[in-house]
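Chemist: Mind folding the following:
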Amino acid sequence: MLTKTIIKFAAKLPKIDSFNTYLFVGPHPDDIEIGAGATVAKLIKLNKEIHFLICTDGRYGNGHMLDKTYDEVAKKRKEESIASAKFLGLKEENIHFLNLSDGGFYEYDDLVKGIAKVVGEVNPDIIFGPDSLSKSECHKDHLNVGNAVKQIACFAPYPGIMENYGAKKADVKAVAFYMSANCNRYYKTSGYFNTQIKSVTDFHKSQFIDNEFDSIKLYLKLRSIEYGLKCFSLSGEGFRVLGTTHMHCLPESGGK
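Modeler: Below you'll find the model as predicted:
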């Protein structure tokens with residue numbers, strides 16, 4: 001399509017590592033690590049400021065903790081999130097939680113306002129979240145968080161709108177979606193794949209039964225190879241990235 005080609009050259013997509021402050025938003029504990037763990041590890045090595053925001057408590061993803069109450073599971077998963085993020089290199093004060101209930105048992109407006117407040121506090125250059133447009137995604141929390149991230153990424157620079165969310169304005173310059181079927185940016189993560197794997201398998205043990213670890217390792221390995229080939233690297237991660245120019249009224253800029 002001619003319009004898409006013109007936009008591609010006239011309004012170039014931002015590069016993943018061209019920013020200073022990053023906010024990664026996860027629907028549940030472990031989603032950021034699975035979706036973008038290698039990228040996080042590399043960005044930290046590049047001395048970027050990285051923040052995590054985990055929106056729900058993961059109480060119903062109890063894996064082999066079936067003998068525990070849902071409150072006990074939520075407490076354990078929060079502890080795992082902190083340990084995993086610190087392993088990747090985050091400062092504990094850069095790990096944020098909304099503590100909403102897993103499974104979509106919250107008001108969507110509370111999710112949006114919660115994300116907006118953290119965005120206002122952190123003032124990130126770019127926000128990462130799950131891609132709510134992936135056709136196979138059925139989990140309500142992933143869909144809600146993906147949509148809320150889009151909403152706030154677009155509105156963050158507008159003080160009047162952010163004030164209505166009870167938040168400060170933020171100079172967000174881009175949004176990037178992990179777990180996307182329509183990636184338009186691939187990031188070289190050679191040397192960081194094993195760190196990503198450990199951040200999942202060594203720290204989120206409550207989420208997976210033992211044989212599931214083999215499946216997630218295989219999936220992440222195959223994905224890293226596929227995306228690595230697309231950016232001429234031994235391993236890589238893929239994202240659907242939009243700059244401020246692409247976020248509104250330009251449907252041709254958003255990938256497939």
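Chemist: just the helices in this protein please.
Modeler: For the chain, the helices defined by DSSP state H cover 2-10, 31-45, 70-88, 108-122, 140-155, 159-164, 193-201, 210-230.
Chemist: can you tell me which of those helices comes nearest to Tyr187?
Modeler: For Tyr187, the closest of the helices of the chain is helix 31-45, at 5.5 Å, according to CB to CB. Using the backbone N, CA and C atoms, a C-beta is placed for each residue, glycine as well.
Chemist: That closest one relative to helix 140-155, how many degrees between them?
Modeler: 40 degrees (axes from the mean of the first three to the mean of the last three CA atoms, to 10 degrees).
Chemist: ok, and for stretch 119-135, which residues are buried?
Modeler: By 16 or more other CB atoms under 10 Å, the buried positions in stretch 119-135 come out as 119-120, 122-134.
Chemist: Tell me the one among the residues you listed nearest to Gly103.
Modeler: Taking CB to CB as the measure, Gly103 lies nearest Pro130 of the buried residues of stretch 119-135, at 15.6 Å.
Chemist: Beta-bridge partners for the closest one, please?
Modeler: On the basis of DSSP bridges, Pro130 is bridged to Tyr178.
Chemist: Of the helices of the chain, which stretch is the most buried?
Modeler: Most buried of the helices of the chain by mean neighbour count (mean count of other CB atoms under 10 Å) is helix 31-45; its value is a mean of 25.
Chemist: Alpha carbons only: can I get that helix in PDB?
Modeler: Provided in PDB are the C-alpha atoms of helix 31-45 (Å, rounded to 0.1, in the frame of the first residue of the first chain):
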ATOM      1  CA  ASP A  31       4.400 -11.800  32.100                       C
ATOM      2  CA  ILE A  32       7.100  -9.200  31.600                       C
ATOM      3  CA  GLU A  33       9.800 -11.700  32.000                       C
ATOM      4  CA  ILE A  34       8.200 -14.100  29.500                       C
ATOM      5  CA  GLY A  35       7.300 -11.300  27.000                       C
ATOM      6  CA  ALA A  36      10.400  -9.200  27.200                       C
ATOM      7  CA  GLY A  37      12.800 -10.500  29.800                       C
ATOM      8  CA  ALA A  38      15.900 -10.600  27.600                       C
ATOM      9  CA  THR A  39      15.200  -7.100  26.400                       C
ATOM     10  CA  VAL A  40      14.900  -5.900  30.000                       C
ATOM     11  CA  ALA A  41      18.200  -7.500  30.900                       C
ATOM     12  CA  LYS A  42      20.000  -5.900  28.000                       C
ATOM     13  CA  LEU A  43      18.600  -2.500  28.600                       C
ATOM     14  CA  ILE A  44      19.700  -2.600  32.300                       C
ATOM     15  CA  LYS A  45      23.200  -3.400  31.100                       C
END
